[in-house]
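> the sequence isn't on hand, but the structure is:
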């Protein structure tokens, strides 16, 4: 097929005068090298993990449009945090899917010509993207680019939670913001794999949603008796590992409190240092940007740390990564199916009113960018 000489892509820049500027630019069409493919991007999700590069530490409540670009002021502290990216036009969009329209001369690259593939190569809010063959996941026949757009971030994150659990010697999991697309995937994974799971949500309708897909333990953090309910669920499952998508506030501390409360129900010798079994909460998101608050009322055998998918996969090794990616491909329209409330163009992604909606990161609302619109 004949390709255009140029293509459009979105970039984000921190300017010297204290502004975040996200805009659409035109670039010359790239030519794939031997082990690369050129993807005509047809679907790319907006995940919370994309917002860091898109908006950084800017004040998005004051975002506006200027000459088609999205512009937002950056407070002094934000400028200090982002001084390393001053003047850099960064590509945005972690993952996406589309059709391979050109390929390098290697056998692996040529075998993907005309195939629908997903990729996690960064810079996916673009009409065309060159990526190495090793970063490509071929989509099974009959599945579309929309089906495969979210093949990496949410599915692999959800799959790696039980992997982390097993690697660290835990036997059950607590998960927050559990009604998200990722959370629903985790419910299905844990049900299929026999992993006890405690889900924390914020609304009664989210409780009903997760129950409808097979979740056993779903706790509403808005309930007055949230902590007693959580202690009961943690005691029943034996969960000593949690993954927290909120990041800020007291939720991580509340989970550790519940784990200690559950441990106290098992008779044993009293210790001023609390239970001896290690309790771990990993923060893997920042839905709540406020400081993480720890009350430290749960003994001394506990930890709070960060968890990032690429870091885990790097430690897990290629064999594990290939195994997990194949499971995603095989269960793309079942376990790992994603739903989208809005499909927008590249230009729409810069509209301040639309940005305010997807930047709210509301559970149950997920935006898909279609660069071909």
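In hand now; what should we look at? Owing to the predicted nature of the structure, the values given are computational and were not obtained by experimental measurement.

> does residue 50 belong to a helix, a strand or coil?
Going by DSSP: H, G, I helix; E, B strand; the rest coil, the secondary structure assigned to residue 50 is helix.

> in contact with the residue lying closest to it once chain neighbours are set aside, which residues are there?
Spatial nearest neighbour of residue 50, chain neighbours left out: residue 94 (5.6 Å); criterion: CB to CB, 6 or more residues apart in numbering. In this view, the C-beta of every residue, glycine as well, is placed from N, C-alpha and C. By CB atoms under 8 Å, 6 or more residues apart in numbering, the contact set of residue 94 is 47, 49, 50, 120, 122, 124, 152, 153.

> could you redo the last one with a cut-off of 7 Å?
47, 49, 50, 120, 122, 124, 153 (CB atoms under 7 Å, 6 or more residues apart in numbering).

> so how far is residue 122 from it?
When distance is defined by CB to CB, to the nearest Å, residue 94 is 6 Å away from residue 122.

> mind jotting down where the strands sit in the stretch 51-200 of the chain?
64-66, 69-73, 90-91, 96-103, 116-119, 128-132, 136-138, 173-175, 197-201 (DSSP state E, counting those that start in this stretch).

> what is the burial count for residue 317?
By other CB atoms under 10 Å, 9 other residues sit near residue 317.

> and it, how far from residue 167?
Distance from residue 317 to residue 167, by CB to CB: 11 Å.

> ok, back up a step: buried among the contacts of residue 94? Make that a ChimeraX selection.
In ChimeraX, a selection of the buried entries from the contacts of residue 94 looks like this (16 or more other CB atoms under 10 Å):
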select :47,49,50,120,122,124,153
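
> for residue 283, grab phi and psi.
Phi and psi for residue 283, reported as degrees, to the nearest 10, are phi -90, psi 120.

> likewise for residue 225?
Residue 225 adopts backbone torsions of phi -100, psi 40, taken as degrees, to the nearest 10.

> same question, residue 229
Backbone torsions for residue 229, taken as degrees, to the nearest 10, come to phi -60, psi -40.

> give me the three-state assignment for the residue lying closest to it once chain neighbours are set aside.
Once flanking residues are discounted, residue 229 sits nearest to residue 219: 4.9 Å by CB to CB, 6+ apart. Three-state call for residue 219 (three-state DSSP): strand.

> what do you get for residue 365?
coil.

> got a list of what it touches?
For residue 365, the contact set (CB under 7 Å, 6+ apart) comprises residue 341.

> ok, now residue 219?
198, 199, 200, 226, 229, 230, 233.

> please repeat the previous calculation with a cut-off of 10 Å.
By CB atoms under 10 Å, 6 or more residues apart in numbering, residue 219 lies in contact with 174, 176, 178, 198-201, 207, 225-234, 258.

> try residue 77
By CB under 10 Å, 6+ apart, the residues touching residue 77 are residue 57.

> go on, residue 213?
Taking CB under 10 Å, 6+ apart, we find residue 213 in contact with 184, 185, 187, 188, 191.

> skipping adjacent residues, who's closest to the third one in space?
The reference is to residue 187. residue 215 is the one closest to residue 187 (CB to CB, 6+ apart), at 4.8 Å.

> got the buried residues for stretch 121-137?
Buried-residue list, stretch 121-137, by 16+ other CB under 10 Å: 121-133, 135-137.

> what segments of the stretch 201-350 of the chain are strands?
Using DSSP E, counting those that start in this stretch, strands in the stretch 201-350 of the chain cover 217-220, 241-244, 247-249, 279-283, 288-292, 302-306, 342-344.

> and the helix or strand that contains residue 13, what other elements does it pack with?
Using DSSP states H and E, residue 13 sits within strand 6-14. Strand 6-14 is packed against strand 19-28, strand 36-45, helix 51-55, strand 69-73, helix 76-81, strand 90-91, strand 128-132, with contacts defined by 3 or more CB pairs under 10 Å, 6 or more residues apart in numbering; DSSP states H and E.

> follow-up on the earlier one: gap between the residue nearest to residue 229 and residue 202?
10 Å.

> so what's in contact with these two at the same time?
Listed contacts common to residue 219 and residue 202 are 176, 178; contacts here mean CB under 10 Å, 6+ apart.

> quick revisit: distance to residue 310 and neighbour count added to the contacts of residue 213, as CSV?
Below are those laid out as CSV (distance: CB to CB, whole Å; neighbours: other CB atoms under 10 Å):
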residue, distance to residue 310, neighbour count
184, 23, 24
185, 18, 25
187, 24, 25
188, 23, 18
191, 27, 15
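
> so which of those residues sit within helices?
Counting by DSSP state H, the contacts of residue 213 place 184, 185, 187, 188, 191 in helices.
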